[in-house]
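[1] Sequence and predicted structure are below.
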Amino acid sequence: MLVDGYVDLGTLNILAKKQKGIKVDLYTFKNTKLTKGDIDKFNAQYPDLTLNYMNIFHDRFIILDKKEGYLIGASLKDAGKKCFGVTKLQDSDTIKGILERLKK
């Protein structure tokens, strides 16, 4: 799961490197630069990406298997442009809280 309000085609280029069979739930703002056509084209080559809209988080998160979480200091689309931090979330209640807020 990726929570990032500022995704674009650069994000999809990074997600294209995921292992085959890995499902990605992407949560972003409604005013994303990605179109339905972008998602459809991505899924034709690298299934399975689901696009969801949210407006409750400014920060970016990666959550793996609903158990392991990371707070990311910049959008994935900007990886490699400048230094940014990645912090492992140590508290399972924090991860559960993020997941619960995304369900609403």
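    In hand now; what should we look at? Residues are numbered from 1 along each chain as shown.

[2] so what secondary structure elements neighbour the longest helix that the chain contains?
    As assigned by DSSP state H, the longest helix anywhere in the chain is helix 92-103. Packed against helix 92-103 by the contact rule (3 or more C-beta pairs under 8 Å, 6 or more residues apart in numbering; DSSP states H and E) you find strand 60-64, strand 68-72. (Glycine included, C-beta is placed from N, CA and C.)

[3] Just the angle for the last one relative to helix 92-103, thanks.
    With axes from the mean of the first three to the mean of the last three C-alpha atoms, to 10 degrees as the criterion, the two stretches strand 68-72 and helix 92-103 enclose an angle of 80 degrees.

[4] and strand 68-72 with strand 60-64, angle?
    Per the same axes, to 10 degrees, the angle that strand 68-72 makes with strand 60-64 is 160 degrees.

[5] next SSE after strand 68-72?
    strand 86-89 (DSSP states H and E).

[6] same for that next one, what does it pack against?
    Against strand 86-89 (3+ C-beta pairs under 8 Å, 6+ apart) you get strand 68-72.

[7] Can you list the buried residues in the strand it packs on?
    69, 71-72 (16 or more other C-beta atoms under 10 Å).
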